[in-house]
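Participant: A structural model of the following input is requested.
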Amino acid sequence: MSENSLAIRKFSDLANPTRFLALADRLLPWLSGLTALFFVAGVWLSFTTEGDYQQGETVRIMYVHVPAAWLSMMCYSVMALAALGTLVWRHPLADVSSRAAAPIGACFTFLALVTGSLWGKPMWGTWWVWDARLTSVFVLFLMYLGLMALNRAIDDPARSSKVSAILVLVGFVNIPIIKFSVEWWNTLHQPASVMRLDGPTIDPEFLWPLIVMAIAFTLLFFTLHIAAMRNEILRRRVTALRRLAARAAGRGARAQ
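Facilitator: Below is the predicted model of the structure:
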């Protein structure tokens, strides 16, 4: 068997919810341990570095705000991939992944908005401005909330997954707007200083704690996402069993 065929087979195996649950049970303890380890290292580095000569101690907010902002966009990108899996490949766990990611993405986005306001007050003199970056991130937060409400509003799983996947893909246009808003429009935000083609412009003293915290936040996302997917699969199984029990009870009542 070729390597490509083996990879496709392993990917197809994950479409089986039972196999995914077994994999999640093996992965979650390791992911949780790694997440805790990186958070301890990241927090220690964040508080042992010196403050910025301009921003002072408030620069430490960056170590939470920036990873949260990155993860808010990455989480929606994961949902967009899951939406393609639902509409194009009909992957059984794609809708599970999207539903599980939405509340996590909403939390990361809310954290980015709150820490951004806390950082903006001493730096800009105001808690909030309706510039392109802040407004587009706020729109992202509303999109997360809307998708969560939609998933709860539609009882039919097949219809809900299709409608949600379409809306996720339509809303994905907001992600490049968030990313490039500081270059396309005049905003209070500075241009990218880490992910640049010519290399980071941020001082290494601040860059390394930021990278460690970004890894910690990313590991936290995958830990929560896998755990939430596991819970969603179990919830659907319980719902299916209840429906079967209700139908059986209805047939029994009619037979009497």
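
Participant: Check which element follows the host helix or strand of M79 along the chain.
Facilitator: Using DSSP states H and E, M79 sits within helix 62-84. Under the assignment DSSP H and E, the closest C-terminal helix or strand after helix 62-84 is helix 94-124.

Participant: Give the other helices and strands that that following helix contacts.
Facilitator: helix 62-84, helix 132-153, helix 157-171, helix 204-255 (3 or more C-beta pairs under 8 Å, 6 or more residues apart in numbering; DSSP states H and E). For every residue, glycine as well, the C-beta is placed using N, CA and C.

Participant: Quick one: closest of those helices to T49.
Facilitator: Nearest to T49, of all those, is helix 204-255, at 5.4 Å by C-beta to C-beta.

Participant: Now do the closest one, average pLDDT.
Facilitator: Averaged across helix 204-255, pLDDT comes to 86.

Participant: what's the angle from the helix holding M79 to helix 94-124?
Facilitator: Orientation of helix 62-84 against helix 94-124 (axes from the mean of the first three to the mean of the last three C-alpha atoms, to 10 degrees) gives an angle of 150 degrees.

Participant: that older thread, so for S32, which of the helices and strands packed on helix 94-124 sits nearest?
Facilitator: When the helices and strands packed on helix 94-124 are compared by C-beta to C-beta, helix 204-255 sits nearest S32, at 5.6 Å.

Participant: Tell me what angle the closest one forms with helix 62-84.
Facilitator: Helix 204-255 and helix 62-84 are oriented at 40 degrees to each other (the same axes, to 10 degrees).

Participant: Any idea how far helix 204-255 is from the middle of the chain?
Facilitator: The chain centre lies 13 Å from the centre of helix 204-255; the measure is C-alpha atoms, centre = their mean, to the nearest Å.

Participant: Does anything pack onto that helix? Which helices or strands?
Facilitator: Using 3+ C-beta pairs under 8 Å, 6+ apart, helix 204-255 sits against helix 17-48, helix 62-84, helix 94-124.
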